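Trainee: here are the coordinates; sequence isn't available:
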């Protein structure tokens, strides 16, 4: 049966745990061991079931567990330390900012896929992994690298066998609201549009462009067959 409407449920975190939301939606956690360990300690079983995806984890943790963590002084001290580390990482000067020469304020990096983490299934092989590593290295160095690629509507296909023994593929539909991405907004609250021609395969009306999304210090801005996304790599 076809779904009539889809809903994205976002957890309401207790005030002391609010920094978890920022940590979950900044992809630095994918290569920062202390942040991953913090999320794992929220609920090891659910962390494994969520595929080590902080966004999915926070959407599945019981309210009772969140209340318990909100009163756990040791956990809150760890959370404060990790959150402060991310803030320093995002706002402090790094190698690129310390260079004496005048350097570009932004560098575009085009790739059809970026393999940053399995929680953002926008890659399928070595090219994507290499591009993702470039974003991570640029992020750690403070290089304002903007990756331009594709936001795919379907993730990796799942295989199964039919009752007759034939292989079948199932392509899960990806909801950007369930991924570590944030849609970029203009001052009036509307999504910006790329001034690119509409692809022949897309059902776009007159004047259509691609909305843009963003996920976390070096960023990744990607047109899909219908939309543009940006995902920052930390």
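Mentor: Okay, I see it. Remember, it's a predicted structure, so these values are computed and weren't measured experimentally.

Trainee: Got phi/psi on the residue nearest to residue 158 when sequence neighbours are not counted?
Mentor: In space, residue 158 comes closest to residue 170 once its chain neighbours are excluded; the distance is 4.6 Å by Cβ to Cβ, 6 or more residues apart in numbering. Glycine gets a C-beta too; all of them are placed from N, C-alpha and C. The phi and psi values for residue 170, taken as degrees, to the nearest 10, are phi -120, psi 130.

Trainee: Kindly report the same for residue 188.
Mentor: phi -90, psi 0.

Trainee: That one: how many residues sit nearby?
Mentor: Neighbourhood size, residue 188 [other Cβ atoms under 10 Å]: 5.

Trainee: where's it relative to residue 181, distance?
Mentor: 21 Å (Cβ to Cβ, to the nearest Å).

Trainee: Tell me where this structure has helices.
Mentor: In the chain, the segments counted as helices under DSSP state H are 19-24, 33-42, 44-49, 54-60, 63-70, 73-91, 126-141.

Trainee: among the ones you listed, which is the most enclosed?
Mentor: Mean neighbour count (mean count of other Cβ atoms under 10 Å) peaks for helix 54-60 among the helices of the chain, with a mean of 21.

Trainee: Can you give the domain ranges for the chain?
Mentor: 15-92, 100-230 (automatic domain parsing).

Trainee: avg pLDDT for the first one?
Mentor: In this case it means domain 15-92. For domain 15-92, mean pLDDT rounds to 94.

Trainee: Span of that domain from start to end?
Mentor: 26 Å (Cα to Cα, to the nearest Å).

Trainee: Residues in contact with stretch 118-129: which ones?
Mentor: 27, 30, 51-56, 111-116, 131-132, 149-152, 155-156, 174, 179-181, 215, 222, 231 (Cβ atoms under 8 Å, 6 or more residues apart in numbering).

Trainee: If we use 7 Å, what do you get?
Mentor: The set of residues external to stretch 118-129 that reach it, using Cβ atoms under 7 Å, 6 or more residues apart in numbering, is 51, 53, 111, 113-115, 132, 151-152, 155-156, 179-180, 231.

Trainee: any idea which of those is closest to residue 19?
Mentor: residue 180 (15.3 Å; Cβ to Cβ).

Trainee: and which of the contacts of stretch 118-129 is nearest to residue 88?
Mentor: residue 180 (20.4 Å).

Trainee: Hmm, residue 25 and the closest one touching each other?
Mentor: Yes - the pair residue 180 and residue 25 passes the contact test of Cβ atoms under 7 Å, sitting 5.2 Å apart.

Trainee: Among the two, which residue is more densely surrounded?
Mentor: Higher neighbour count among residue 180 and residue 25: residue 180, with 23 against 19, using other Cβ under 10 Å.

Trainee: check contacts around the more buried one.
Mentor: By Cβ under 7 Å, 6+ apart, the residues touching residue 180 are 24-25, 27, 55, 119-120, 215.
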